[in-house]
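Asks: heads up, no residue letters with this:
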C-alpha cells in the first residue's frame, strides 16, 4: 500500500488593518428630520480631527436602508468615486481627503427624497485606508 503525502502550503497574511473605531475623530451629522417626496435637501457630515497630525477621510459609506428612499445627487467637496459594496450593504462615497490636525472637514450631501417612508439607518465614516471606521445614525422621514 502506497501512501501519498500532500503538502499544503501555509499562507501567512499580514494585515495592516487599523480595525476598530478611528482615534481622535469626532463626527456630527446634521440632517432634516422630515422632507417631502421629490424635495431636494442637504445633509452634512462634519468630521473633526482632534489629533496633532493629519488624518485621511477615506470614505463615507451609507447603509442601503437609508438609500432605499433617498437619492444622493452630489457632494461638496465632490466624491472621487461612488460604488456599492454588496457584502457590506452600503453605498460608498470615496473622498481621499486629508483633514488637517485639529481641524474639521464638512461634507455636504445634496439629496432628494424619492420614496415615502421612515429611513432610519447608519453611515460609516472610514478614516485611513486600513479599515478603521465608526457608524453613526441618520434618520430622514420622506412624506407624501
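Replies: Cool, got the structure. Values in this document were obtained by computation on a predicted structure and should not be read as measured data. Numbering: from 1, shown residues only.
Asks: And stretch 80-94, what's buried?
Replies: 90-94 (16 or more other CB atoms under 10 Å). For glycine as for every other residue, the C-beta is placed from the backbone atoms N, C-alpha and C.
Asks: again with stretch 109-121
Replies: For stretch 109-121, by 16+ other CB under 10 Å, it's 109, 111-113, 117, 119, 121.
Asks: Quick one: residues in contact with stretch 31-43.
Replies: Residues from elsewhere that reach stretch 31-43 (CB atoms under 8 Å, 6 or more residues apart in numbering): 29-30, 44, 73, 108-116, 138-144.
Asks: Mind putting the buried residues of stretch 80-94 into CSV with secondary structure and distance to residue 62?
Replies: Formatted as CSV, those follow (DSSP: H, G, I helix; E, B strand; the rest coil; distance: CB to CB, whole Å):
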residue, secondary structure, distance to residue 62
90, strand, 6
91, strand, 5
92, strand, 8
93, strand, 7
94, strand, 12
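Asks: tell me which of those residues is nearest to residue 60?
Replies: residue 93 (5.0 Å; CB to CB).
Asks: Just confirm that closest one contacts residue 58, I think it does.
Replies: No: look at residue 93 against residue 58 with CB atoms under 8 Å: they stay out of range, at 10.2 Å.
Asks: what about the nearest residue to residue 89 once chain neighbours are set aside, distance to residue 20?
Replies: Leaving aside its chain neighbours, residue 89 sits nearest to residue 64 (4.5 Å; criterion: CB to CB, 6 or more residues apart in numbering). Residue 64 sits 23 Å away from residue 20, going by CB to CB, to the nearest Å.
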